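>>> Build me a model from this:
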Amino acid sequence: MNIRCTSRGKRIRIFLFGFVVIVILSYVCFDSYEPLTVSGISQNTQLNEERKEKQVLMHPKLKCMEHATKNTVIMVLNKPSNSLQRKTIRQTWGHPQMQIKYNFSLYFVLGNEKNVEYHELHMENEDVLRVDVNENYFNITEKVIEAFNWATHSCYESRYFLKIDDDVYFHLKFLQEIQKVENYLPDDIILGDCLPETAPFRLTTKFSVSFEEYRFAKYPPYCGGPGYVMTLPTARKLYHEMTHTKTFMFEDVYVGIVAYKLGISIKPVDHFIYAMDGYLHYLNIQCAVIIHNLTPELITKMWNERNTTSIGKHDCSQSGKLIYILQNMFGLYNG
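Purely as a prediction, here's the structure:
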């Protein structure tokens, strides 16, 4: 009995010692990083020469200038092999009739991918922009830069710019809000599901960030990559600064870095993004502007059921969520 207690006490002491060592090392390492400042990050991310734009391998046949009245341009990040995602978006929230109804134009941004039949891609290239960037998770930033480049030079008559991923369902009524409500989205602001200054992940994993890659203790505020929106003049400012700013492995953080250098504000929107995980799926789906991590089948399902929902805006408040929980707990929900 005493032997077991002694052994258990020893394990506890070893655990506590290890925990204290980790905390101390984390504090020392964290303290060694530079504090986040505009001057510091501007100096550290500045390119020695202006970034050269990537070659466009396929231009959309459907030009922005031919649809100059379209108020919003939406750039969807996509891969050549993700043809089903393109087809699904074209048949649901990105359908040409929806583009007319909600006053937007939509383009898919693709890179280079092995083992893909590109002649098939040429048959669907009305809305396809293909750039000379190899498809890779850590090259997404390059594709985003080219999306900003093409949209700001080709869609200059549009008022708003939205970047979005291809695994999302987008509630189009959000476009009516930004288009009809005066000053809902002014210049020099990015709207989305945004984070304040957060610390980079430094542990050894695929997505860790070394001191050499990023020397500051915190990231600037940024909006999550599944989708964010701004005015086209704001996108134009960002693209110009991107040509002088080193790329970073995470595209959403990179856009935040560039915005931080320019003094462009990041503004979170309640219920902007929902990731199809956690509690209260039904309520969150109805409240969110963007739902991501979806298969094409789920996007189609949500589109087909879009007119059968009964959640109103008031239900998305904290009190509305509480009422929803109580209704479910006591079996009072009729939706």
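>>> how about residue 291, what does it touch?
For residue 291, the contacting residues are 168-169, 273-276, 285, 302, taking C-beta atoms under 8 Å, 6 or more residues apart in numbering as the criterion. From N, CA and C alone the C-beta is placed, and that goes for glycine too.
>>> mind listing which of those are in strands?
Among the contacts of residue 291, the members falling in strands (DSSP state E) are 169, 273-274.
>>> Out of those residues, the closest to residue 187 would be?
When the ones in strands among the contacts of residue 291 are compared for distance to residue 187, the smallest value, 22.8 Å, is given by residue 273; criterion: C-beta to C-beta.
>>> Count the neighbours of the nearest residue to the closest one once chain neighbours are set aside for me.
In space, and not counting its chain neighbours, residue 273 is closest to residue 193: 3.8 Å by C-beta to C-beta, 6 or more residues apart in numbering. By the measure other C-beta atoms under 10 Å, the count of residues near residue 193 is 23.
>>> Now do the contacts for residue 193.
Contacts for residue 193 were tallied using C-beta under 8 Å, 6+ apart; they are 223-224, 226-228, 268-269, 272-273, 290.
>>> In ChimeraX, how would I select just the buried ones from those residues?
Listed next is the ChimeraX selection for buried residues among the contacts of residue 193, using 16 or more other C-beta atoms under 10 Å:
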select :223,224,226,227,228,268,269,272,273,290
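>>> Could you dump the contacts of residue 193 into CSV and include distance to residue 216, secondary structure and pLDDT?
What follows is these, written out as CSV (distance: C-beta to C-beta, whole Å; DSSP: H, G, I helix; E, B strand; the rest coil; pLDDT from 0 to 100):
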residue, distance to residue 216, secondary structure, pLDDT
223, 19, strand, 97
224, 20, strand, 95
226, 24, strand, 95
227, 26, strand, 97
228, 22, strand, 98
268, 21, strand, 95
269, 26, coil, 93
272, 26, coil, 91
273, 25, strand, 81
290, 28, strand, 93
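>>> Just give the number of residues close to the closest residue to residue 207 other than its chain neighbours.
In space, and not counting its chain neighbours, residue 207 is closest to residue 201: 6.3 Å by C-beta to C-beta, 6+ apart. With neighbours defined by other C-beta under 10 Å, the count for residue 201 comes to 10.
>>> could you dump the contacts of residue 291 to JSON lines with distance to residue 142?
As requested, those are exported to JSON lines (distance: C-beta to C-beta, whole Å):
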{"residue": "168", "distance to residue 142": "21"}
{"residue": "169", "distance to residue 142": "26"}
{"residue": "273", "distance to residue 142": "23"}
{"residue": "274", "distance to residue 142": "28"}
{"residue": "275", "distance to residue 142": "25"}
{"residue": "276", "distance to residue 142": "28"}
{"residue": "285", "distance to residue 142": "32"}
{"residue": "302", "distance to residue 142": "31"}
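>>> could you flag which of the residues you listed are buried?
Buried members of the contacts of residue 291, scored by 16+ other C-beta under 10 Å, are 168-169, 273-274, 276, 285, 302.
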